[in-house]
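# Here is a sequence together with a model predicted from it:
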Amino acid sequence: MQIYYASRDGQSRKIAAHIAGRLAARGIAATPVDLAADPPSAEKLAAAKLVVAVLSIRYGKHLPEGLQFVEMFRSLDRPPPLALASVNLTARKPGKDTAEGNVYLRKLIAVNELKPAVAAAFAGRLDYPRYGFLDKLAIRFIMLITGGPTDPSTVVEYTQWDRVDAFAAKLAEISGAEKGE
Ligand SMILES: Cc1cc2nc3c(=O)[nH]c(=O)nc-3n(C[C@H](O)[C@H](O)[C@H](O)COP(=O)(O)O)c2cc1C
């Protein structure tokens, strides 16, 4: 199974690798695949038993390679089941980490008329020292208005790994069912 991810700062890659590790522990071979480096063909996607995507947000939008991936998926005649995760900082707030409660994930699903078998929003990582001047300024402003940390030395990984584990467990269930187990 491929765990496709779109990442700039590495948190979605880390989440995809974590999911792959949890699946491997259950005897399901899974490989994280960077959509920016190695996007699949439509044929390959169509042949998958389960399509898994972990897509991060930057300035209100999923990364372009993530959006292209979703467009390809929605163009399939008989799409396989989809497991979709959005990674963003809004999801650090309780209630904003679900398909209904997370504005980015909700929109992605609605705009593309997706019917994911599993969908979750995972909180990402805040890493001010890593950001350039303008990005740092913009994120500090967003944190100011959403009640988050504004100290420019702050580094916080908000990802709740138990939620990622639960997501991986659902994938294992679905892929077991697909195999007729
Ligand atoms: C330049 C920039 C813009 C961002 N814009 C948003 C945003 O609009 N909404 C949000 O919830 N999080 C936003 N984030 C937070 C990222 O989604 C979060 O840091 C995530 O972990 C990034 O994933 P990645 O490490 O896989 O690239 C932004 C982060 C950066 C660096």
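All right, it came through fine. These numbers were taken from a predicted model, which means no experiment stands behind them.

# Is any residue of the helix of greatest length in the chain near the ligand?
Of all segments of type helix in the chain, defined using DSSP state H, the longest is helix 161-178. No. Helix 161-178 lies apart from the ligand when judged by CB under 6 Å from any ligand atom; the minimum separation is 12.7 Å. Yep, even glycine has a C-beta here, placed from its N, CA and C like the rest.

# can you pull the contacts of the nearest residue to residue 151 once chain neighbours are set aside?
Using CB to CB, 6 or more residues apart in numbering and skipping the chain neighbours, the partner closest in space to residue 151 is residue 128 (7.6 Å). Listed by CB atoms under 8 Å, 6 or more residues apart in numbering, the contact set of residue 128 reads 136, 139, 140, 151, 152, 153, 154, 155.

# From these, pick the one nearest the ligand.
Proximity of these to the ligand was ranked by CB to the nearest ligand atom; the top entry is residue 139 with 5.7 Å.

# I'd guess that closest one is in a helix, am I close?
Yes. Following the definition DSSP: H, G, I helix; E, B strand; the rest coil, residue 139 is counted among the residues of a helix.

# so who does it touch?
Contacts of residue 139 (CB under 8 Å, 6+ apart): 89, 126, 128, 131.

# and what of residue 26?
Taking CB under 8 Å, 6+ apart as the definition, contacts of residue 26 comprise residue 172.

# do the same with residue 107
No residues are in contact with residue 107 under the rule CB under 8 Å, 6+ apart.

# and it, backbone torsions?
Taking degrees, to the nearest 10, you get phi -70, psi -40 for the backbone angles of residue 107.

# Cheers, nothing more for now.
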